[in-house]
Structure formats: C-alpha cells, structure tokens
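Participant: Provide a 3D model corresponding to the input given below.
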Amino acid sequence: FDLIVFPESALDNDPEQDLVLRDRITSIAATHDSYLLVNALQPAGEDCQLGLRTDPNAEPCRSFNTNLLYEPDGTLQGTDAKNHLVPFGEYVPLRDTLTWVEELNQIPYDYEQGDDTTVFDVRGTGVGTIICFESGFGRLTRDYVRNGAEIIVVTTNNASYRRSANSDQHIAQSQMRAAE
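Facilitator: Alright, predicted model coming up:
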C-alpha cells in the first residue's frame, strides 16, 4: 500500500489543465510505483474548466479546493472537492451585504462548495479524503466510511495560522475522527 500525499494548497494550478504540471506529478507516482494524492484548485463550471467563458460581464470563475488521486500509471482515478468551506477564509457569507467591511477584501473570491464524498480505491483499500477544516465534522467522516472508506486521509496546510491554537485544535479534531 503506497500512497504519497501532498498537503492542501500544494498546487495553485489544476494539473488537468496544466499538462507540464500533470507530467511532473504523474512522474512522481510512476517513479515510486505509488498512488499520489494531491490538492489543487480546480475551476468550477464547465465553461471555466474549458476556458470557454466569453461574457466579460460574467462573475469570475470560482474554484473548488480539490483532492485528486493519480494512479501509479498516471491515470486520474478521480477527484473530491471540499464540502465544508471555511467561513471568512474560503468564502464570505453575505458578501454582497457586507461590502462596507474593508477587511473582507483580504478574501478576494469565494470557493465553490463540493457536494460529494468520493472514496478512492488504492490497491483494494477504500480511501476517503477530508480537507483541513472538514476534520471538525464527524458526519462527513462517517459518510466516507459508510461509502466504503477504510482509511481517512486529512490533507491540510495550517501555515497561515502560524503558531496559533488552530494547529493544536486541528490535531485534536483529527484524533477525534480517528477515535470515532
């Protein structure tokens, strides 16, 4: 059972659109004969994914915070987008109403929320992936297990929280999910 895991926010580009990046990612999987789980931003909406958006007045394309699983031969097995976004981090609730709060400009766009719980197959073992903040939601973890996950991988990047209590809280949440 070989699985290489990249953290949340590992890639700013979608390896399915950036073929040079995809080749580099899949070469790692091939070199190590391992499955590779990587987190990347993926455009939401078919016209965004294909670069077909032509209306200059349309809202900017949103992105999914997505885990992608590549097989050792470079095949993309599937994706799993984050379901529980961080309020005031990955989206601003009531953004249109709160335009007077200048600090919210630090969050320039909202991510799109995923709506599935993809269970990947890694050499016959079901693997569910929780992305960062989602580890605080036991129901989501249970959904993965009910869908066949035998292992739950939490991809995270707490670097933006520096040495705050958030890192300790995140570890505690992950330990609770493991105990459950």
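Participant: When you work out contacts or count neighbours from here on, use the C-alpha atoms and nothing else.
Facilitator: Noted.
Participant: contact partners of stretch 106-124?
Facilitator: 1, 3, 35, 44, 62-65, 69, 77-85, 88-92, 126-129, 140, 143-144, 147-149 (C-alpha atoms under 8 Å, 6 or more residues apart in numbering).
Participant: Give me the buried subset of those.
Facilitator: 3, 35, 44, 62-65, 69, 79-85, 90-92, 126-129, 140, 143-144, 148-149 (16 or more other C-alpha atoms under 10 Å).
Participant: Let me see the contact set for residue 79.
Facilitator: Residue 79 touches 66-69, 118, counting by C-alpha under 8 Å, 6+ apart.
Participant: can you redo those residues as a markdown table with secondary structure?
Facilitator: Shown next, in a markdown table, are the contacts of residue 79 (DSSP: H, G, I helix; E, B strand; the rest coil):
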| residue | secondary structure |
| --- | --- |
| 66 | strand |
| 67 | strand |
| 68 | strand |
| 69 | strand |
| 118 | coil |
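Participant: By neighbours, which of those wins?
Facilitator: Per-residue neighbour counts (other C-alpha atoms under 10 Å) across the contacts of residue 79 peak at residue 67, which has 27 neighbours.
Participant: Give me the nearest residue to that residue, chain neighbours excluded.
Facilitator: Once flanking residues are discounted, residue 67 sits nearest to residue 39: 4.4 Å by C-alpha to C-alpha, 6 or more residues apart in numbering.
Participant: where's the residue nearest to the spatial centre of the chain relative to residue 175, distance?
Facilitator: Most central in the chain under C-alpha atoms, centre = their mean is residue 66, positioned 3.1 Å from the mean C-alpha point. Using C-alpha to C-alpha, to the nearest Å, residue 66 is found at 23 Å from residue 175.
Participant: Please export the C-alpha coordinates of stretch 136-150 as PDB.
Facilitator: Only the C-alpha atoms of stretch 136-150 are listed here, as PDB (Å, rounded to 0.1, in the frame of the first residue of the first chain):
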ATOM      1  CA  GLY A 136     -14.200  19.100  12.500                       C
ATOM      2  CA  PHE A 137     -17.300  17.500  11.100                       C
ATOM      3  CA  GLY A 138     -17.900  13.900  12.300                       C
ATOM      4  CA  ARG A 139     -20.900  13.400  10.000                       C
ATOM      5  CA  LEU A 140     -18.800  14.000   6.900                       C
ATOM      6  CA  THR A 141     -16.200  11.500   8.000                       C
ATOM      7  CA  ARG A 142     -19.000   8.900   8.700                       C
ATOM      8  CA  ASP A 143     -20.300   9.500   5.200                       C
ATOM      9  CA  TYR A 144     -17.000   8.400   3.800                       C
ATOM     10  CA  VAL A 145     -16.900   5.300   6.000                       C
ATOM     11  CA  ARG A 146     -20.500   4.400   5.000                       C
ATOM     12  CA  ASN A 147     -19.400   4.800   1.400                       C
ATOM     13  CA  GLY A 148     -16.600   2.300   1.900                       C
ATOM     14  CA  ALA A 149     -13.600   4.200   3.200                       C
ATOM     15  CA  GLU A 150     -11.300   2.100   5.400                       C
END
